[in-house]
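J.: A structural model of the following input is requested.
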Amino acid sequence: MKAIRITETGGPDVMKLVDVEVGAPGPGEVRVRHTAIGLNYIDTYHRSGLYALPLPSGLGLEAAGIVEEVGQGVTRLQPGDRIAYGTGPIGAYSDVRILPAGRLTKLPAAIADETAAGMMLKGMTVRYLLRATYKVQPGETILLHAAAGGVGLILSQWAKALGATVIGTVGSEQKMAIARAHGCDHVINSSTEDTVARVKELTGGKGVPVVYDGVGQATLMTSLDCLEPRGLLVSFGNASGPVKNFDLGLLSARGSLYITRPTLNTFTASDEDLRETASDLVSIVESGKVKIPVNQHYALSEVVQAHRDLESRKTTGTTVLIP
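T.: Now for the predicted structure:
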């Protein structure tokens with residue numbers, strides 16, 4: 001079997017495709033053959049060392065596949081079942097692997113493998129952002145950064161389905177059209193427009209109750225300045241680098257603001273929480289209200305180029321690796 005491994009952290013070139021041995025599943029485990037693997041920005045954090053992993057290590061948290069064998073005590077799954085997962089454990093960049101049965105979600109026939117491989121991590125992220133971190137209500141106006149990215153395209157559609165008005169920011173003219181096509185009511189080109197001024201204009205000077213920010217350091221001050229008094233900044237990613245040396249006085253000066261830095265792992269820590277989150281995601285995708293745009297495909301052996309393209313912002317929507 002083949003898998004991607006790293007023995008050191010750094011740029012994309014540290015990833016190597018190697019031969020691995022995969023045995024039989026133990027109690028509570030299943031053996032899965034992957035059919036498609038999701039590429040996510042968090043994978044670059046693990047590879048670069050921003051999020052430290054014990055080395056050597058595999059990479060990847062998300063994939064879809066078919067159950068080949070089940071271990072003792074596993075009753076919810078059987079060989080031949082189509083499954084997907086999006087919270088790891090680390091090692092999805094592989095042909096075949098052993099996984100804990102409780103972290104897997106069975107797929108309905110209406111959802112294709114590539115769709116599933118591209119929706120689990122980002123889609124469950126959207127679910128905890130919109131329904132648990134801050135419960136978006138019908139009629140509210142929200143701000144979303146990187147609206148043409150993988151999380152952004154899902155979040156904007158889901159927020160629209162909840163009855164919200166979505167303002168999205170993007171970095172190019174091309175991405176403006178993509179964001180509009182996936183639920184954004186208003187799209188701001190942050191490379192040519194003043195985001196704060198446009199948000200204030202669109203909200204009658206009030207600002208928004210919540211900003212969803214997966215960019216990090218580069219958008220921190222913009223996000224805070226777009227909030228209404230007592231608004232919430234949900235900082236859930238570091239695409240531009242992590243926020244450092246934050247002054248809490250910035251929150252009081254702008255109207256008693258709130259800020260949170262949540263993670264998917266916290267909101268899906270138990271198998272029960274994971275099942276509830278995944279069930280909501282599968283239901284809304286199956287309903288057609290949220291579509292998962294799989295816009296890029298790479299062979300697993302091309303993962304170095306896939307990471308380069310992701311980090312240089314050449315990708316939109318979802319990217320999958322094919323083993």
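J.: residues touching the nearest residue to residue 59 once chain neighbours are set aside, list them.
T.: Excluding its sequence neighbours, the residue lying closest to residue 59 (Cβ to Cβ, 6 or more residues apart in numbering) is residue 93, at 4.8 Å. Any C-beta I mention is one placed from the backbone N, CA and C, and that applies to glycine too. Residue 93 makes contact with 3, 4, 15, 37, 43, 58, 59, 60, 300, 303, 321 under the criterion Cβ atoms under 8 Å, 6 or more residues apart in numbering.
J.: out of the residues you listed, who's nearest residue 286?
T.: Taking Cβ to Cβ as the measure, residue 286 sits nearest to residue 37 out of the contacts of residue 93, at 21.6 Å.
J.: my guess is that closest one is in a strand, correct?
T.: Yes - secondary structure of residue 37 (DSSP: H, G, I helix; E, B strand; the rest coil): part of a strand.
J.: re earlier: just the contacts of residue 93: which are in strands?
T.: Among the contacts of residue 93, the ones falling in strands (DSSP state E) are 3, 4, 37, 321.
J.: burial count for the third one?
T.: Same thing as residue 37. When neighbours are counted by other Cβ atoms under 10 Å, residue 37 registers 30.
J.: How about the first one?
T.: When counting by other Cβ under 10 Å, one arrives at 23 neighbours for residue 3.
J.: ok, it - contacts?
T.: The neighbours of residue 3, taking Cβ under 8 Å, 6+ apart as the test, are 17, 18, 20, 58, 91, 93, 94, 95, 97.
J.: I'd like the distance between the spatially most central residue of the chain and residue 294.
T.: Computing the C-alpha centroid of the chain and ranking residues by Cα atoms, centre = their mean puts residue 122 first, at 2.7 Å. Relative to residue 294, residue 122 is positioned 11 Å away (Cβ to Cβ, to the nearest Å).
J.: With residue 91 instead?
T.: 22 Å.
J.: can you check residue 158 too?
T.: Where residue 294 is concerned, residue 158 sits at a distance of 17 Å (Cβ to Cβ).
J.: quick revisit: any chance of the contacts of residue 3 in JSON lines with distance to residue 315, pLDDT and secondary structure as columns?
T.: Output for the contacts of residue 3, formatted as JSON lines (distance: Cβ to Cβ, whole Å; pLDDT from 0 to 100; DSSP: H, G, I helix; E, B strand; the rest coil):
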{"residue": "17", "distance to residue 315": "21", "pLDDT": "97", "secondary structure": "strand"}
{"residue": "18", "distance to residue 315": "25", "pLDDT": "97", "secondary structure": "strand"}
{"residue": "20", "distance to residue 315": "27", "pLDDT": "95", "secondary structure": "coil"}
{"residue": "58", "distance to residue 315": "22", "pLDDT": "97", "secondary structure": "coil"}
{"residue": "91", "distance to residue 315": "22", "pLDDT": "97", "secondary structure": "coil"}
{"residue": "93", "distance to residue 315": "17", "pLDDT": "98", "secondary structure": "coil"}
{"residue": "94", "distance to residue 315": "21", "pLDDT": "98", "secondary structure": "strand"}
{"residue": "95", "distance to residue 315": "23", "pLDDT": "97", "secondary structure": "coil"}
{"residue": "97", "distance to residue 315": "25", "pLDDT": "98", "secondary structure": "strand"}
